[in-house]
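# Any chance you can model this:
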Amino acid sequence: MSMRNLLLVLTFSVLLFNENYIKAEPVPNADADASLRIKAEQGDAAAQNELGIMYANGESMAQDDKQAAFWFRKAAEQGYAKAQLILGLMYSEGQGGMVKDYKLAASLFRKAAEQGLAIAQYNLGVLYASGEGVMHDARLAVSWYQKAAEQGEAIAQNNLGAMFAYGDGVAQDDKQAAFWYRKAAEQGLPTAQNNLGAMYVKGEGVVQDDKQAVAWYRKAAEQGNAEAQNNLAVMYANGKDMTQDDKQAAFWFSQAANQDEAIAQFNLGQMYFNGTGVPQDYVQAYMWTNLAAAQELEQALRVRDSLISVLTPSQIEAGQKRVRDWIATHPQAVGAIQ
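Numbering: from 1, shown residues only. Predicted structure coming up:
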């Protein structure tokens with residue numbers, strides 16, 4: 001994805017969007033549970049929503065998505081915004097025995113969004129940006145992101161920043177992009193931290209500053225953001241506002257590569273090929289280059305073909321085995337064997 005990536009993901013701000021809900025070991029309280037159920041059965045929308053959350057999380061009862069959906073629907077039909085949001089998400093993901101239906105999800109998100117629920121506004125913006133369940137409309141995506149962003153929703157702030165950065169649905173404006181990235185980055189959102197770091201590298205919307213770039217990349221990298229890990233590694237490799245350090249570069253490339261970040265896999269393969277920051281190892285070089293090539297990374301495809309022409313058959317076989325072993329322990333990886 002681009003360094004200014006949008007988070008086009010339907011999401012809760014926390015599990016099943018109950019901002020007061022903290023997942024912990026449940027403390028059985030039969031009287032409280034019975035009282036909640038009575039309220040829910042008497043039509044209390046907040047109790048119905050809470051009972052749905054308990055079923056969804058398996059709190060004080062067996063986990064049951066269908067029962068969760070039943071109670072969320074009861075609350076949603078009474079106009080309870082949080083239940084509308086959750087039910088919309090269940091439709092978007094095909095949970096609770098429901099067929100995936102983005103159109104119904106969009107309808108539910110809209111009902112919650114029009115009541116001012118920020119995370120519902122964000123999710124409705126996602127659907128307008130992706131054109132799922134509604135006609136694609138970047139301007140409406142911007143509008144809903146902005147409503148959520150102005151309420152402090154970090155993920156919406158990041159996406160609004162990206163829309164300004166690309167000029168998608170709004171006039172291109174790097175200063176506004178950096179403004180919204182910063183809002184989200186200061187809340188700890190790693191994608192926004194990485195995006196803000198990229199703005200500092202290029203001096204777009206901010207005064208060019210490698211030190212600031214490194215600082216933001218590091219914040220995101222330490223939270224596990226693969227793109228930021230690769231970017232931080234590049235800064236170490238190039239000695240950007242820090243002592244050039246190939247070992248640190250290799251370390252961060254490795255962190256990103258093991259998350260299946262194609263460019264990091266390619267970069268790590270190059271380091272193994274040249275013995276830069278790591279012991280020279282042509283088999284490792286082939287393995288990482290092959291994994292990157294499997295994701296159609298153009299430079300990796302070229303280098304892999306070159307490696308095949310210079311490596312021995314035994315080295316290629318060993319590299320293919322390492323690819324298979326790596327994929328076996330990373331089942332979500334895109335990698336394929338060549």
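
# Would you map the helices across the stretch 201-338 of the chain?
Ranges of helices in the stretch 201-338 of the chain, per DSSP state H, counting those that start in this stretch, are 210-222, 226-238, 246-257, 262-274, 282-293, 298-310, 313-329.

# G116 in helix, strand or coil?
The three-state label given to G116 by DSSP: H, G, I helix; E, B strand; the rest coil is coil.

# residues in contact with it?
Contact partners of G116, counting by Cβ atoms under 8 Å, 6 or more residues apart in numbering, are A81, Q151. No exception for glycine: its C-beta is placed from N, CA and C like everyone else's.

# so how far is A148 from it?
As defined by Cβ to Cβ, to the nearest Å, G116 lies at a distance of 10 Å from A148.

# Over to L51?
In terms of Cβ to Cβ, L51 sits 27 Å off from A148.

# shaky segments in the stretch 151-300 of the chain?
Judged against pLDDT under 70, the stretch 151-300 of the chain has no low-scoring part.

# is it possible to export the helices of the stretch 201-338 of the chain to TSV including distance to Q63 and mean neighbour count?
Listed next are the helices of the stretch 201-338 of the chain as TSV, based on distance: least, Cβ to Cβ, whole Å; neighbours: other Cβ atoms under 10 Å:
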stretch	distance to Q63	mean neighbour count
helix 210-222	33	21
helix 226-238	31	24
helix 246-257	33	22
helix 262-274	36	24
helix 282-293	36	26
helix 298-310	42	15
helix 313-329	28	15
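
# now those as JSON lines including distance to D65?
JSON lines is the format used below for the helices of the stretch 201-338 of the chain (distance: least, Cβ to Cβ, whole Å):
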{"stretch": "helix 210-222", "distance to D65": "33"}
{"stretch": "helix 226-238", "distance to D65": "30"}
{"stretch": "helix 246-257", "distance to D65": "34"}
{"stretch": "helix 262-274", "distance to D65": "35"}
{"stretch": "helix 282-293", "distance to D65": "35"}
{"stretch": "helix 298-310", "distance to D65": "41"}
{"stretch": "helix 313-329", "distance to D65": "29"}
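
# between those helices, which gets nearest to A177?
Of all the helices of the stretch 201-338 of the chain, it is helix 210-222 that lies closest to A177, at 13.9 Å by Cβ to Cβ.

# what helices or strands is the closest one leaning on?
Applying 3 or more Cβ pairs under 8 Å, 6 or more residues apart in numbering; DSSP states H and E, one finds that helix 210-222 contacts helix 190-202, helix 226-238.

# out of these, which comes closest to L160?
Comparing these by Cβ to Cβ, helix 190-202 comes nearest, at 10.3 Å.

# Report all helices and strands that the closest one contacts.
Contacts defined by 3+ Cβ pairs under 8 Å, 6+ apart place helix 190-202 against helix 154-166, helix 174-185, helix 210-222, helix 226-238.

# Tell me which of the helices of the stretch 201-338 of the chain lies nearest to A81.
For the helices of the stretch 201-338 of the chain, proximity to A81 was assessed by Cβ to Cβ; helix 210-222 is nearest, at 31.4 Å.
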